[in-house]
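**Q** here's my sequence, what's the structure:
(2 chains)
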Protein chains: 2
Amino acid sequence: MSFTTEQQPGVCEQAPAATKGFTLNHSMLRVKDPKVSLDFYTRVLGMRLLRKLDFPEMSFSLYFLAQAEEAAMAPQDVGERTAWTFAQRGILELTHNWGTENDTEFKYHDGNAKPQGFGHICISVPDLDAAVRWFDENGVTYVKRPEQGKMKDVAFIKDADGYWIEIVEPARLAKLGRPA
Amino acid sequence: MSFTTEQQPGVCEQAPAATKGFTLNHSMLRVKDPKVSLDFYTRVLGMRLLRKLDFPEMSFSLYFLAQAEEAAMAPQDVGERTAWTFAQRGILELTHNWGTENDTEFKYHDGNAKPQGFGHICISVPDLDAAVRWFDENGVTYVKRPEQGKMKDVAFIKDADGYWIEIVEPARLAKLGRPA
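**A** As a prediction, this is how the structure comes out:
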């Protein structure tokens, strides 16, 4: 039998037929300077840029990123790749409102300082210790190293705008939320 | 030849070997009342609850959701399913800080009002017109219907906390960002 859903108050017993094919495609974060963010996400986190879309009449550009394994499946044709990008899961969209990169005072809100809302994105890695070494080599800023705080085996780093990125190794988290 | 990356200032030509296996696992949003949010995400958007994790010593619970197709592949064993959850792409994590649901004044920040940061999550759907009918049947609040504003073929709805959710049909977006 395949897994259906954990039951909790509010949970619908079965996914309604009208929702068939719905896919959580992306999360969007605004970034101050795409050059700095693209370096961070493509070099430090190994993501690939699937598409940049420019909207000159509204003075912004969008950058769609995926991990290398998924990007390797993307079509070469630009139009096909745009449509393909919107059909995937786990895409990151960065929005650049033109000009923010030249304003030294400009800063986006990370959602963890007040007022709170959005918390973080999460990257799962095959080996947390190796990932921490890689982040240290690259001078990445930590919110929390794996050995700090109450949640062992979980790290939080910051991206170029200060958004939090959780780093986890799935195999180390199997016990989470179970009786000790 | 498979797709590697679009080149833009800042983009790393090749994904470094140290990032192999990195996966964009989830995005986390804080929610005021999990019962209301779970109804919205499991009924209106057809997601399934993979795991609820409770942290009583810190007075919060986490809810991990995936679309039905992915959830059908989740292991039945609870520990295995926890580890599996953290290895997937495109998971939604909802954080509930206990007690917020009983505070009538309490409200999370959507990231689009000032101060800005996080913008939205996006659900891609096989048929945008059918999805709009479904949302209308369910009394969903719109930020923008597909026919409104400059971005035709794109809708934005609000979740139970007011976070924005973009709704797109991939095939309709192939022309985006190309010369008219």
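**Q** tell me the pLDDT of A:Lys175.
**A** Listed pLDDT for A:Lys175 reads 85.
**Q** middle-most residue in chain A, spatially?
**A** For chain A, the residue nearest the mean C-alpha position is A:Ile121 (4.3 Å; C-alpha atoms, centre = their mean).
**Q** which residue ranges form the helices in chain A?
**A** Assigned by DSSP state H, chain A shows helices spanning A:34-39, A:68-71, A:78-85, A:128-137.
**Q** below-threshold pLDDT in chain A: ranges please.
**A** Applying pLDDT under 70 to chain A flags the ranges A:1, A:178-180.
**Q** so what are the domain limits for chain A?
**A** A:24-104, A:109-180 (automatic domain parsing).
**Q** so the residue nearest to the centre of chain A makes contact with A:Tyr163?
**A** Yes - contact criterion C-beta atoms under 8 Å: A:Ile121 and A:Tyr163 qualify, at 7.1 Å. Every C-beta, even on glycine, is put in place using the N, C-alpha and C of the backbone.
**Q** please enumerate the shared neighbours of the two.
**A** Listed contacts common to A:Ile121 and A:Tyr163 are A:Leu29; contacts here mean C-beta atoms under 8 Å, 6 or more residues apart in numbering or on different chains.
**Q** what comes up buried for stretch A:94-109?
**A** For stretch A:94-109, a neighbour-count test (16 or more other C-beta atoms under 10 Å in any protein chain shown) marks A:94-97, A:100-101, A:108-109 as buried.
**Q** list the contacts for the residue nearest to the centre of chain A?
**A** The contact partners of A:Ile121, by C-beta under 8 Å, 6+ apart, come to A:27, A:29, A:92, A:163-166, B:24, B:26-28.
**Q** before we move on, back to that, dump the domains of chain A to JSON lines, plus distance to B:Pro146.
**A** Listed next are those as JSON lines, based on distance: least, C-beta to C-beta, whole Å:
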{"stretch": "domain A:24-104", "distance to B:Pro146": "14"}
{"stretch": "domain A:109-180", "distance to B:Pro146": "25"}
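**Q** tell me the spacing between A:Glu101 and A:Leu49.
**A** 17 Å (C-beta to C-beta, to the nearest Å).
**Q** and what of A:Asp129?
**A** In terms of C-beta to C-beta, A:Asp129 sits 28 Å off from A:Leu49.
**Q** comparing those two, which residue is more hemmed in?
**A** A:Leu49 (23 against 10; other C-beta atoms under 10 Å in any protein chain shown).
**Q** residues in contact with the closest residue to the more buried one other than its chain neighbours?
**A** Spatial nearest neighbour of A:Leu49, excluding adjacent residues (C-beta to C-beta, 6 or more residues apart in numbering or on different chains): B:Glu6 at 4.5 Å. Contacts here follow C-beta under 8 Å, 6+ apart; on that basis B:Glu6 touches A:49-52.
**Q** closest to chain B among these?
**A** Nearest to chain B among the contacts of B:Glu6: A:Leu49, at 4.5 Å, using C-beta to the nearest C-beta.
**Q** so what's the closest one bridging to?
**A** A:Leu65 (DSSP bridges).
**Q** doesn't A:Tyr63 make contact with it?
**A** Yes - using C-beta under 8 Å, A:Leu49 is in contact with A:Tyr63, at 6.1 Å.
**Q** name the residues contacting each of these two.
**A** Contacts common to A:Leu49 and A:Tyr63, judged by C-beta under 8 Å, 6+ apart, are A:38, B:8.
**Q** for A:Asp127, which non-adjacent residue is closest in space?
**A** A:Glu169 (6.4 Å).
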